[in-house]
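Peer 1: Kindly generate the corresponding structure for this input.
(one chain, ligands or ions: 1)
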Amino acid sequence: MSTTPGTATVAIAYHSGYGHTAKQAEAVADGAASVPGTVTDLVPLDELTEDVWERLTAADAIVFGAPTYMGSPSWVFKKFAEESVRIWAADLGWRDKIAAGFTNSKAMSGDKLNSLVDLAVFAAQHGMIWVGLDIYPGWAESTASIEDLNRLGSWMGAMAQSDADLSAEKAPPATDLRTAAALGARVAQVTHRHLRGALAA
Ligand SMILES: Cc1cc2nc3c(=O)[nH]c(=O)nc-3n(C[C@H](O)[C@H](O)[C@H](O)COP(=O)(O)O)c2cc1C
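Peer 2: The predicted structure is shown next:
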């Protein structure tokens, strides 16, 4: 838990092979930081140093993110998930932290839901509290727009789609980054409420 009253720390623990999911991670962080009193910590998972475990354990919320590779989170993320057994074994060291997730892939579906379900089960195994997206699916009516929030229609977490021939400078598109930011803001708001409740109890 945060040591400073009124402050919440939201960590974003993510992997990105080619930079696209990293853009999504930054958008989640920007959204969380837009909520007053929120400190964000972007934590890449490429190297699992002690610093990574300490920063995640210090956070009040962890938003997990990975690209969808072969229909599930990338192996770098899965390696992190398996190595997190050290936290799990120490009396559920991440128990009651707020959790959420995001993923990005090249296809509109690309089986991204499977990745988000994987992230949610992972959070549940740690005794964490999963927060989904609270935005009605966008781009789902004849008058709707590709610019709508949640254009890919996910409740489990934030999805993004990156055209395979575009660099991370150009993809995922702004519409998906806005959706990622909305998830970050929601996580921050819920985390503040959760911390206030813990203080009152
Ligand atoms: C090994 C591998 C497997 C992939 N599998 C999928 C997949 O199952 N579905 C999909 O839509 N895209 C798939 N992709 C495309 C990536 O999800 C996409 O390029 C994404 O933007 C990569 O994000 P990153 O730059 O953060 O690594 C795959 C890419 C790689 C390298």
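Peer 1: how close does A198 sit to I129?
Peer 2: According to C-beta to C-beta, to the nearest Å, A198 stands 12 Å off from I129. For glycine as for every other residue, the C-beta is placed from the backbone atoms N, C-alpha and C.
Peer 1: who has more neighbours, those two?
Peer 2: Neighbour totals were compared for A198 and I129, and I129 leads with 16 against 12 (other C-beta atoms under 10 Å).
Peer 1: in the sheet, who's paired with the more buried one?
Peer 2: For I129, the beta-bridge partners under DSSP bridges are I98.
Peer 1: Just list the residues touching it, thanks.
Peer 2: Residues near I129 by C-beta atoms under 8 Å, 6 or more residues apart in numbering: 96-99, 123, 194.
Peer 1: Could I get the full set of helices for the protein?
Peer 2: Taking DSSP state H as the test, the helices found in the chain are 20-33, 50-58, 75-83, 85-89, 112-125, 174-200.
Peer 1: List the contacts of the closest residue to I135 other than its chain neighbours.
Peer 2: Using C-beta to C-beta, 6 or more residues apart in numbering and skipping residues adjacent in sequence, the residue nearest I135 is N150, 4.2 Å away. Residues near N150 by C-beta under 8 Å, 6+ apart: 133, 135-138, 179, 182.
Peer 1: can you check L199 too?
Peer 2: Residues near L199 by C-beta under 8 Å, 6+ apart: P5.
Peer 1: and it, how far is that from M128?
Peer 2: The value you get for L199 to M128, if C-beta to C-beta is used, is 19 Å.
Peer 1: How about H194?
Peer 2: Counting by C-beta to C-beta - H194 and M128 are separated by 11 Å.
Peer 1: Sounds good, over and out.
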